[in-house]
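Undergrad: Sharing a sequence plus its predicted fold:
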Amino acid sequence: LGAARYDSADRESGFKRRRVYDLCLSCSRVYRYGTSISFWHLLSTTNAMKRCLWVTLHFPPEIGGVQEYTFQLLRRLPKEGVVVLCPPSKDSRIWDSAQSFSVVRRNFFTRLPIWPRWVVLFWHVFFTAITKRIDIFHAGEVLPTGAVVMVVARLLRRPYFLTTHGMDILLPQQFLRKQWLAKKVYRQACAITVLSQYAKHQVQAQGVDPGKIVVLSPSTDLRSRPQDAEMAASLRARWRLENKRIVFSLSRLVRRKGHDHLIRAFARIAEKASDVQLVIGGTGPDASYLEMLAHQHHLSDRITFLGRVSDEEKRGWFQLCTFFALVPRLENGADVEGFGIVYWEAAAFEKAVLASTSGGVPEAVTDHETGLLANPEDIETIAEKMLTLLTDAELRAKLGSAARKNHSFQSWDHQAEILQHLYQSHG
């Protein structure tokens with residue numbers, strides 16, 4: 001009776017490769033780990049909506065482009081069809097309770113002297129897949145989450161998908177074992193989504209069929225609002241920036257974001273632009289180093305470090321600034337900017353940007369059309385283009401207007417629809 005019932009649901013849902021054997025095998029494994037899940041209960045749920053388990057190392061409330069990208073896509077999928085498995089973070093319980101979809105927080109790595117350290121992640125993915133009745137998997141990175149998802153998906157005979165960003169593509173190439181494992185993860189995935197054409201070419205270079213690579217570029221929900229002007233005025237008064245033109249930069253404070261070169265470039269034009277203040281928002285391991293660098297260049301009074309910036313404050317700074325600047329670079333041969341959502345956020349406020357030619361940045365910013373691009377290692381060129389944007393108001397307005405129009409073609413809703421179609425077509 002159970003077999004007949006499952007076969008009927010199997011035909012209706014189109015999952016012809018699934019068999020009662022899969023459920024028996026899954027239940028036997030769960031039973032060995034001491035979990036009482038009814039086999040008949042699993043059979044009774046085969047007609048339910050397909051559920052996706054998204055496994056990722058990076059998820060809000062942590063701040064970052066990858067976190068924002070993942071959240072904006074998942075919040076637009078049917079809430080009953082999404083379960084996120086990610087590590088715990090500060091204030092994550094409060095944040096999770098406000099979401100429409102399910103979020104499971106677990107520590108991905110063990111501190112015990114065993115190898116591999118992510119062996120505990122295998123158990124979390126497997127156990128969550130069974131208890132949440134998962135139909136498809138999605139790994140947010142190539143390694144280690146992609147490798148774990150690949151193994152669990154194969155055990156449960158479920159399809160899996162993969163998203164890559166930048167660093168997770170290049171880093172495995174530095175180690176033969178990781179390179180071999182990454183290629184295996186690529187090969188067995190139903191489809192691979194990437195943020196940019198740059199990332200697509202990097203994945204394709206690993207021997208992946210370009211037909212299974214889908215570009216899902218980021219977007220932004222930010223829109224300029226009347227109340228943003230009030231926040232801008234408040235920020236100007238709070239930070240004592242009256243009669244100052246502001247060059248704004250915002251990101252995690254890590255070496256590859258290029259704030260050190262931005263400070264060095266600013267030092268070269270500081271005397272020519274005495275009314276300009278460089279404002280850097282964000283937190284990270286390089287915060288103390290950057291403050292020391294500003295002091296070394298005698299710019300402590302000309303460079304403002306904001307620390308963590310709230311969403312409302314971010315709107316105010318975009319409204320207030322003269323232009324936005326961020327010049328990321330390739331660091332350690334692997335740490336690279338896959339796209340750069342923050343450039344789209346600046347475009348939403350019709351701001352010109354100074355960016356770099358590294359990684360996928362040129363796909364977010366078109367040189368001399370929506371912003372100016374510079375070699376991130378060429379401090380002199382960065383300084384020259386910074387001065388150009390400060391002195392040429394007509395150029396700033398032209399670049400900002402074009403950026404705003406280009407930004408309007410992007411939509412998170414459209415990208416989420418593409419992702420949902422992938423799930424349906426490969427499920």
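TA: That came through fine. What you see is a predicted model, and the numbers here were worked out from it, not measured in a lab.

Undergrad: What ranges does the stretch 201-350 of the chain have for its helices?
TA: Assigned by DSSP state H, counting those that start in this stretch, the stretch 201-350 of the chain shows helices spanning 226-238, 259-269, 287-296, 311-320, 341-348.

Undergrad: mind listing the strands for this protein?
TA: With strands called from DSSP state E, the chain shows them at 52-55, 82-86, 102-105, 136-139, 160-164, 192-194, 213-215, 245-250, 276-281, 303-307, 323-325, 353-356, 371-374.

Undergrad: Ok, which of those strands comes nearest residue 388?
TA: Across the strands of the chain, residue 388 has its closest neighbour in strand 371-374 (6.9 Å, C-beta to C-beta). Backbone N, C-alpha and C define where each C-beta goes, glycine included.

Undergrad: Where do the helices of the stretch 1-150 of the chain begin and end?
TA: For the stretch 1-150 of the chain, applying DSSP H, counting those that start in this stretch gives helices covering 2-13, 20-32, 39-43, 65-74, 92-97, 119-131, 147-156.

Undergrad: returning to that earlier point: could you dump the helices of the stretch 201-350 of the chain into JSON lines with distance to residue 83, mean pLDDT and mean neighbour count added?
TA: JSON lines is the format used below for the helices of the stretch 201-350 of the chain (distance: least, C-beta to C-beta, whole Å; pLDDT from 0 to 100; neighbours: other C-beta atoms under 10 Å):
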{"stretch": "helix 226-238", "distance to residue 83": "35", "mean pLDDT": "94", "mean neighbour count": "14"}
{"stretch": "helix 259-269", "distance to residue 83": "37", "mean pLDDT": "98", "mean neighbour count": "22"}
{"stretch": "helix 287-296", "distance to residue 83": "35", "mean pLDDT": "98", "mean neighbour count": "15"}
{"stretch": "helix 311-320", "distance to residue 83": "26", "mean pLDDT": "96", "mean neighbour count": "20"}
{"stretch": "helix 341-348", "distance to residue 83": "24", "mean pLDDT": "94", "mean neighbour count": "25"}
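
Undergrad: just so I know, which of those helices lies nearest residue 88?
TA: Closest of those to residue 88 is helix 311-320, at 22.0 Å (criterion: C-beta to C-beta).

Undergrad: Alpha carbons of the closest one, as PDB, please.
TA: The C-alpha trace of helix 311-320 is given here as PDB (Å, rounded to 0.1, in the frame of the first residue of the first chain):
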ATOM      1  CA  ASP A 311      20.600  50.900   6.500                       C
ATOM      2  CA  GLU A 312      19.100  54.300   7.200                       C
ATOM      3  CA  GLU A 313      22.500  55.900   7.600                       C
ATOM      4  CA  LYS A 314      23.700  54.300   4.400                       C
ATOM      5  CA  ARG A 315      20.900  56.000   2.600                       C
ATOM      6  CA  GLY A 316      21.900  59.300   4.200                       C
ATOM      7  CA  TRP A 317      25.500  59.000   3.200                       C
ATOM      8  CA  PHE A 318      24.600  58.100  -0.400                       C
ATOM      9  CA  GLN A 319      22.400  61.200  -0.500                       C
ATOM     10  CA  LEU A 320      25.100  63.300   1.100                       C
END
